[in-house]
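> give me a 3D structure for the following:
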Amino acid sequence: QVRLVESGGGLVQPGESLALSCKATGDAFGLYDLGWFRQAPGSEREIVASISRTGGRPFYADSVKGRYTISRDNSKDTVYLQMTSLKLEDAGVYFCAASRFFGWDRASQFDYWGQGTQVTVSS
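So this is what the prediction gives:
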């Protein structure tokens, strides 16, 4: 098992940047594919980005391509999400997730979840 704790959320204005981190404890971090999801009020949880256990095969939702970057540091048991040019519609609770077998583009592929961190985009 792996426990995930997100950090870095906050309030930003449109066009600004924000960086999220997710620290894992427990099982070997390098065994897991990792993903970032977000959920806006009244909406379903949606994939934002994912990355394989080796750091390759990054996936991005169309809505964030070119603006978000997912990365991981297996030596620090941490996955990151760098968000730039933030838009009002990027707001929501951002969740980190881990998949022991194959995590790519949907929530059902991920086994472990963090509690989430709030990102608010407001002018």
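> report the central residue of this protein.
Residue closest to the mean C-alpha point of the chain, counted by Cα atoms, centre = their mean, is W36 at 2.1 Å.
> tell me what that residue is bridged to.
A49, C96 (DSSP bridges).
> so what's it up against?
20, 22, 47-50, 70, 79, 81, 94-97 (Cβ atoms under 8 Å, 6 or more residues apart in numbering). C-betas here are computed from N, CA, C, even on glycine.
> what's the pLDDT at D27?
Predicted confidence (pLDDT) for D27: 83.
> so what's it up against?
Neighbour list for D27: 1-2 [criterion: Cβ under 8 Å, 6+ apart].
> and if we set it to 10 Å?
By Cβ atoms under 10 Å, 6 or more residues apart in numbering, the contact set of D27 is 1-3, 77, 98, 100, 112.
> re the thing from before, dump the contacts of W36 to TSV, plus neighbour count.
Output for these, formatted as TSV (neighbours: other Cβ atoms under 10 Å):
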residue	neighbour count
L20	24
C22	25
I47	21
V48	23
A49	24
S50	25
I70	21
V79	29
L81	27
Y94	24
F95	23
C96	28
A97	25
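> contacts for whatever helix or strand R72 lives in, please.
Using DSSP states H and E, R72 falls within strand 68-73. With Cβ under 10 Å, 6+ apart as the test, strand 68-73 has contacts from 19-22, 24, 29-30, 32-36, 48-55, 58-61, 64, 78-86, 90.
> of those, which belong to helices?
Secondary structure assignment (DSSP state H) places none of these within helices.
> now for the contacts of D27: which two are most distant?
Greatest spatial distance among the contacts of D27 (Cβ to Cβ): D77 and R100, at 15.1 Å.
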